[in-house]
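> structure for the following, please:
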Amino acid sequence: MSQALDKSNKASRVREICLNCSSLDNDEIGRLESILDNFQFISDLLATDIMVYTEAKKNEHYVLVDIKRPHGHPTLFLESSVGSISSGKAEPFVKKTFESGKKILGVYGVMIAGRPTQQVVYPIYHYEKIIAIISFEKDLYLTESLMGKNWNKVADDLVGALNQKRHRLKHWPKLVGQEGFILTDNYDQVLYVSYMAQNLLVSVLGIREKTTGTKLSMLLKDFHPDILETEPVINLVKKRYSGIGGTLQITNFDLSENNKIHVLRDISELSLKEKEIKVKGALVKEIHHRVKNNLNAVAALLRMQLRRSNDQAVKDAFHQAILRLDSITLVHEYLSQSDNVQIVAIGQLIKDIARNLQRTLGYEDKNIVVSINCLDEFFLDSEQAVSVALIVNELISNCYEHAFNNVVTGEINISIMFDNSKENNFLLTVKDNGVGLPSGFKKDEPASLGWHIINTLVKEDLDGKIYVNSIGEKNGTEIKIEAKVNAKN
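Numbers count the residues shown, from 1 in each chain. Now for the predicted structure:
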């Protein structure tokens, strides 16, 4: 969440600077914002600071709209001058690149922060127009020791992808700043291995062989990875390797027609957490399975007791208790079988409750049709699902028991709506076309246990409200319940 917020703030900051200081229009600013993450990827891969310039409103002046600093490597710019405007005299290579539309190499060996550097400047296009310049500030000590002669080729390929293969940019992997990189050609020959990648190969997989000049597949020949993800657009493949020091994830994709990039990340801690979650999930599912079995056992005992009683009022009470147990049992049955032990598909749950009540309470001499309107992919957390299940059970039971006296046919309509723009985002409606509520009915002072259960669940468990509309004989009753729920759809 914080990473997404930081990216949003960064994008809005760039837009603000461009609107105030640059000559770019909205479409061009949008294009620039869309590739900010790609700039960071390039900065990390090349271990190089990147400065992003656009043309200022004043002729032959340029505004610095962003700086990307490489994660895991020293930066040449400790202080940010983002938003500053420079003249063409102060930034001659930026000016020259805007004018020529070509890559420009600055003076080799200029000292910045006590280190020899070189400025390498590229144009960034939006269709045929140059909308920005990215200036690599190469720390020669660092980049020549890390990538050597490969640096310029990789930079050319990356910027070429920015300008020519825009549909591929969104598929570049996201970085967290702790990755290693390996560069290979299309024959799998290793051309470059970053210092971090070398450390990860040794510490996680125990690979100590010489890497450069060999084939990457030979280095990994003793491992049998799991394939996690593929993306044909850039021939991306994400694999997980288990080694002596944990778990290593390697994501490779086409950098150009001739080279591939392999991004290495230690996911040992994440892998352990995933295993823990799976174990805990299995235990919780087993608990729900046992609860379901115990509830079925209690229901069976109540049925035995029901058959032994001759008092009709006692039988009715046992019968209602069994139906309530059945509704709760259905929730635990779903949770014992679900991949996610915290949420329940509420639409299917209500269909099963309605089917169970129709089988148990339905009349042989009457035709009662039940219709349900609810999204298939609509989920509630397990605690709220139990409350909704019991409420629906009581409302449908009331319909069967009281709404259709002296009628042959009838309808029960159940609807669940979800609108996250409202404070009470959940609306449950149960409507019948029966005889209506009795004249003395008061929902806040219920005489029956069923309505007392409904009131308690709605007001205390769901913090909701109940609306009753008794339309009258032959038009029936409509019950609406509004509540705030933790829903997913």
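
> show me this structure divided up by domain.
For the chain, automatic domain parsing gives the domain ranges 2-164, 180-266, 271-488.

> now do the longest one: distance to the chain's middle.
Centre-to-centre, domain 271-488 and its host chain are 31 Å apart (Cα atoms, centre = their mean, to the nearest Å).

> same check on stretch 213-232?
With Cα atoms, centre = their mean, you get 27 Å for stretch 213-232.

> pLDDT below threshold where in the stretch 101-250 of the chain?
166-167, 177 (pLDDT under 70).

> that one: strands as residue ranges?
Assigned by DSSP state E, counting those that start in this stretch, the strands in the stretch 101-250 of the chain fall at 104-112, 115-126, 129-139, 180-185, 190-193, 226-231, 236-243, 246-254.

> quick one: closest of the ones you listed to Glu269.
Among the strands of the stretch 101-250 of the chain, the nearest to Glu269 by Cβ to Cβ is strand 246-254 (7.9 Å). Where C-beta positions appear, they are placed from N, C-alpha and C, glycine not excepted.

> helix or strand right after that closest one?
Heading C-terminal from strand 246-254, the first helix or strand you meet, by DSSP states H and E, is strand 259-266.

> who does Ala56 form a beta bridge with?
Beta-bridge pairing of Ala56 under DSSP bridges involves Ser22.

> out of the domains of the chain, flag the one nearest Trp172.
Per Cβ to Cβ, nearest to Trp172 of these: domain 2-164, 5.6 Å.

> related to what we said a few turns ago, okay, the strands of the stretch 101-250 of the chain in CSV with distance to Ile346 and mean neighbour count next?
Supplementary listing: the strands of the stretch 101-250 of the chain in CSV, determined by distance: least, Cβ to Cβ, whole Å; neighbours: other Cβ atoms under 10 Å:
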stretch, distance to Ile346, mean neighbour count
strand 104-112, 61, 13
strand 115-126, 47, 20
strand 129-139, 49, 22
strand 180-185, 46, 21
strand 190-193, 52, 21
strand 226-231, 31, 12
strand 236-243, 34, 18
strand 246-254, 36, 21
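
> got those as JSON lines, with distance to Asn405 columns?
Putting the strands of the stretch 101-250 of the chain into JSON lines (distance: least, Cβ to Cβ, whole Å) gives the following:
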{"stretch": "strand 104-112", "distance to Asn405": "90"}
{"stretch": "strand 115-126", "distance to Asn405": "73"}
{"stretch": "strand 129-139", "distance to Asn405": "75"}
{"stretch": "strand 180-185", "distance to Asn405": "76"}
{"stretch": "strand 190-193", "distance to Asn405": "82"}
{"stretch": "strand 226-231", "distance to Asn405": "60"}
{"stretch": "strand 236-243", "distance to Asn405": "64"}
{"stretch": "strand 246-254", "distance to Asn405": "66"}
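
> picking that back up, for the domains of the chain, give me TSV that also has distance to Pro173.
Converted to TSV, the domains of the chain look like this (distance: least, Cβ to Cβ, whole Å):
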stretch	distance to Pro173
domain 2-164	8
domain 180-266	5
domain 271-488	18
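
> tell me the mean pLDDT over the helix or strand hosting Asn20?
Secondary structure assignment for Asn20, by DSSP H and E: helix 2-21. Across helix 2-21, pLDDT averages out at 70.

> next SSE after it?
Using DSSP H and E, the helix or strand that follows helix 2-21 in sequence is helix 26-34.

> related to what we said a few turns ago, out of the domains of the chain, which comes closest to Lys174?
domain 2-164 (7.1 Å).

> who touches the spatially closest residue to Glu137 that is not a sequence neighbour in this structure?
Distance criterion Cβ to Cβ, 6 or more residues apart in numbering; nearest residue to Glu137, sequence neighbours excluded, is Asp49 at 4.3 Å. Counting by Cβ atoms under 8 Å, 6 or more residues apart in numbering, Asp49 touches Ser43, Ile67, Lys68, Arg69, Pro70, Thr75, Leu76, Phe77, Phe136, Glu137, Asp139.

> drop anything exposed from those.
Taking 16 or more other Cβ atoms under 10 Å as the criterion, what is buried in the contacts of Asp49 is Ser43, Ile67, Lys68, Arg69, Pro70, Thr75, Leu76, Phe136, Glu137, Asp139.

> ok, the fourth one touching Ser43?
Yes. Between Arg69 and Ser43 there is a contact under Cβ atoms under 8 Å: 6.6 Å.

> state the distance from the residue with the largest distance to the centre of the chain to Lys431.
Distance from the C-alpha centroid of the chain peaks at Asn310, with 57.4 Å (Cα atoms, centre = their mean). According to Cβ to Cβ, to the nearest Å, Asn310 stands 37 Å off from Lys431.

> ok, Arg290 next?
When Arg290 is compared with Lys431 (using Cβ to Cβ), they lie 37 Å apart.

> show me which of the two is the more surrounded one.
The residue with more neighbours, out of Arg290 and Lys431, is Lys431; 21 against 12, by other Cβ atoms under 10 Å.

> wait, what's in contact with the more buried one?
By Cβ under 8 Å, 6+ apart, Lys431 lies in contact with Ile412, Asn413, Ser415, Gly476, Thr477, Glu478, Ile479.

> for Glu269, same thing?
Going by Cβ under 8 Å, 6+ apart, Glu269 touches Gly246.

> same deal with Val298?
Shown in contact with Val298 (Cβ under 8 Å, 6+ apart): Leu325.
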